[in-house]
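# Have a look at this fold, sequence not included:
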């Protein structure tokens, strides 16, 4: 069905079932074509003029599908996994891929605890027995969660939520996460230890890591052997984190008392021995299968697509650094500033750029800064670049063009709470700009090539490098007036009296190449460049 027919700014394709209410977020800005299923040939054609695509798990987004999607800027996966999306192909085309890593957090955490309790109290087997008309209380004597040690492997959003719920049962939580500092663990009020300690002390072990090369088989034969005899395992994260063959052997030997599994290496399993084991509670990947979670991820992805189409940074991108919302609010004005500083420098430097160095100073150095560096690269590469450049493909294009990129952090800025300094180098020259944010969200370029300035990074600029002597500024002003070019603002900086100076004029009209050449030939002018931001 087509949910909007009037011509709007953007065109969004929805190729899997998405709640109509969630799409209301996009209605003010987009024409939406939504179907529960798109034949592949029709989807290829629909994507030719689309700005965004929303999918669940049903649509396979391949390189072939994306080949002719000339305008596509973002793909939204209403869920967590992106196995059905060729992220590499999307990245090469500069397409942002977003998902909803937190939309099912509560659902997954609740399901984990439900599986844990079902395992401890034999709920599924007791229920099945009752359905057979049997009343056999002695066969299903369980154990309590109270005062047990629950080992939580992975303290991401879901792991932390599981820990909070388990603690409500007055169980001890002992966690392992190599990316959590001791200080952060104290802030979370969690007891952390190395993996071997968690394995040895846990009565119940639950895993909450993504499936990566490092975590595949993380809990294998050796790790299971380290656990207490009679311990139990829970996996509602990703199949493959626990070695299924090693777990089956441990269940058969009695070393592991039971397991609760919502995920499997193959889904559905081709070998059902583990799922059908008498001491296993198994569900068919139901962690996110609640009405609330399905709606949450759809709303979340729709909001992200709206933000990206309207020029705001991605919140949960798969192929560019994702940021917590509180960090995103702080960094957003700096992303804007960084892009314009990069564009400013690229327009005043001559020749092919060989190196870019970005130095961050102040409180922002505590945040994740890759999006800022990428915004600087986007600004630089968008100048005289034939292909589309965005935050996703800017690092790839820089690499392809042999541009070295260096990021440095220093604790304090000389003059500001936070500052960004960008230095761009060619074989023949180096240019530098420093920027900061005034107040809450007012971007400024505060120095150019070491000369102090106060520049709004918008509009047309004329820069002149000149001898610091009487009459030069007046001659340029008169010259522009004679050519009907109005000066809105003037900034001047110099190295020392009667030395060299830099003047930056904010002007209402652009200066063409012929006029710029005449300015360069004026007495006292060493060089002149124009910038449009």
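Thanks, I have it. The structure displayed is predicted, hence computed values, not measured ones.
# Domain map for the protein?
Segmentation of the chain into domains, based on automatic domain parsing, reads 10-101+292-309, 105-282, 322-458, 459-533.
# Distance from the chain centre to the third one, please.
To tie it back to what came earlier, the one meant is domain 322-458. 19 Å (CA atoms, centre = their mean, to the nearest Å).
# Also the last one?
A distance of 41 Å separates the centroid of the chain from that of domain 459-533, by CA atoms, centre = their mean.
# can you redo the domains of the chain as a markdown table with distance to residue 316 and mean pLDDT?
All C-beta atoms are positioned from the backbone trio N, CA, C, and that covers glycine. Below are the domains of the chain laid out as a markdown table (distance: least, CB to CB, whole Å; pLDDT from 0 to 100):
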| stretch | distance to residue 316 | mean pLDDT |
| --- | --- | --- |
| domain 10-101+292-309 | 5 | 90 |
| domain 105-282 | 11 | 94 |
| domain 322-458 | 5 | 86 |
| domain 459-533 | 29 | 90 |
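# Tell me which of those domains sits most buried.
For the domains of the chain, average neighbour numbers computed from mean count of other CB atoms under 10 Å are highest in domain 10-101+292-309, which has a mean of 20.
# For it, what is the spacing between the initial and final residues?
8 Å (CA to CA, to the nearest Å).
# In terms of helices and strands, where is the residue nearest to residue 449 when sequence neighbours are not counted?
The shortest distance from residue 449 to any non-neighbouring residue, by CB to CB, 6 or more residues apart in numbering, is to residue 432 (5.6 Å). Residue 432 is part of strand 430-438 when elements are defined by DSSP states H and E.
# what's the next secondary structure element after the host helix or strand of residue 338?
Counting by DSSP H and E, the element that carries residue 338 is helix 325-348. Under the assignment DSSP H and E, the closest C-terminal helix or strand after helix 325-348 is strand 355-362.
# circling back: what is the orientation angle of the helix holding residue 338 with strand 355-362?
Taking axes from the mean of the first three to the mean of the last three CA atoms, to 10 degrees, one finds that helix 325-348 is oriented at 140 degrees with respect to strand 355-362.
# quick one, helices of the stretch 51-200 of the chain?
63-66, 87-92, 105-121, 123-131, 157-167, 182-187, 195-201 (DSSP state H, counting those that start in this stretch).
# I'd like those laid out as a markdown table, including distance to residue 373.
Shown next, in a markdown table, are the helices of the stretch 51-200 of the chain (distance: least, CB to CB, whole Å):
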| stretch | distance to residue 373 |
| --- | --- |
| helix 63-66 | 26 |
| helix 87-92 | 16 |
| helix 105-121 | 29 |
| helix 123-131 | 51 |
| helix 157-167 | 26 |
| helix 182-187 | 24 |
| helix 195-201 | 33 |
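# quick one on the thing from earlier: which helices and strands sit right next to the strand holding residue 432?
With contacts taken as 3 or more CB pairs under 8 Å, 6 or more residues apart in numbering; DSSP states H and E, strand 430-438 sits against helix 325-348, strand 418-425, strand 442-448.
# what's the last one in contact with?
With contacts defined as CB atoms under 8 Å, 6 or more residues apart in numbering, strand 442-448 is touched by 333-334, 336-337, 340-341, 344, 415-416, 419, 431-438, 452-457, 463, 493, 502, 504.
# quick revisit: okay if I get the helices and strands packed on strand 430-438 as CSV plus distance to residue 17?
Supplementary listing: the helices and strands packed on strand 430-438 in CSV, determined by distance: least, CB to CB, whole Å:
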stretch, distance to residue 17
helix 325-348, 27
strand 418-425, 44
strand 442-448, 42
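# can you tell which of these is closest to residue 362?
strand 418-425 (3.7 Å; CB to CB).
# residues in contact with the closest one?
With CB under 8 Å, 6+ apart as the test, strand 418-425 has contacts from 334, 337-338, 341-342, 345-346, 349, 353-364, 372, 376, 380, 413, 430-437, 446.
# and if we set it to 7 Å?
Strand 418-425 is contacted from outside by 334, 337-338, 341-342, 345-346, 349, 353-364, 372, 376, 380, 413, 430-437, using CB atoms under 7 Å, 6 or more residues apart in numbering.
# Parallel or antiparallel, which strands does it pair with?
Paired strands of strand 418-425, with direction, are strand 355-362 (antiparallel), strand 430-438 (antiparallel) (DSSP bridges).
# Let me know the next secondary structure element after the first one.
The helix or strand immediately downstream of strand 355-362 is helix 370-381, counting by DSSP H and E.
# ok and the strand holding residue 432 relative to strand 442-448, angle-wise?
150 degrees.
# The helices and strands packed on strand 430-438: which one's closest to residue 523?
Nearest to residue 523, of all the helices and strands packed on strand 430-438, is helix 325-348, at 21.7 Å by CB to CB.
# If I take the closest one and helix 370-381, what angle do their directions form?
Interaxial angle of helix 325-348 relative to helix 370-381 (the same axes, to 10 degrees): 20 degrees.
# Name the surrounding residues that touch helix 325-348.
Helix 325-348 is contacted from outside by 312-313, 315, 323, 353, 364, 367-368, 371-372, 375-380, 382-383, 420, 422, 424, 431, 433, 435, 437, 441, 443, 445, 457, 463, 529, 531, 533, using CB under 7 Å, 6+ apart.
# And for stretch 308-320?
Residues from elsewhere that reach stretch 308-320 (CB under 7 Å, 6+ apart): 10, 29, 51-52, 73-74, 82, 87, 90-91, 96-101, 304, 307, 322-323, 325, 328, 332, 335, 371, 374, 391-392.
# which of the residues in it are buried?
Under the neighbour-count criterion of 16 or more other CB atoms under 10 Å, stretch 308-320 has 308-309, 313-320 buried.
# Can you tell me which of those residues comes closest to residue 292?
residue 316 (18.1 Å).
# how near is the closest one to residue 102?
Taking CB to CB, to the nearest Å as the measure, residue 316 falls 7 Å from residue 102.
# Next: residue 401.
Taking CB to CB, one finds residue 401 at 36 Å from residue 102.
# isn't residue 159 right up against residue 207?
No - in terms of CB atoms under 7 Å, residue 159 does not count as a neighbour of residue 207; the distance is 8.6 Å.
# can you list residues touching both of these two?
Here residue 159 and residue 207 have no joint contacts, going by CB under 7 Å, 6+ apart.
# right, and residue 431 touches residue 449 too?
Yes - contact criterion CB under 7 Å: residue 431 and residue 449 qualify, at 6.2 Å.
# How are the strands of the stretch 401-533 of the chain distributed by residue range?
According to DSSP state E, counting those that start in this stretch, the stretch 401-533 of the chain carries its strands in the segments 404-410, 418-425, 430-438, 442-448, 451-455, 460-467, 487-494, 500-507, 525-532.
# closest to residue 238 out of those strands?
strand 404-410 (31.4 Å).
# So what touches that closest one?
Taking CB under 7 Å, 6+ apart as the rule, strand 404-410 contacts 354-361, 365, 369, 373, 377, 398.
# Among those, which one lies nearest to residue 241?
residue 369 (30.5 Å).
# so who does the closest one touch?
Contacts for residue 369 were tallied using CB under 7 Å, 6+ apart; they are 360, 407.
# ok, residues contacting stretch 10-22?
3, 23, 26, 29-36, 38, 43, 46-47, 49-56, 58-59, 78, 295, 298-299, 302, 305, 309.
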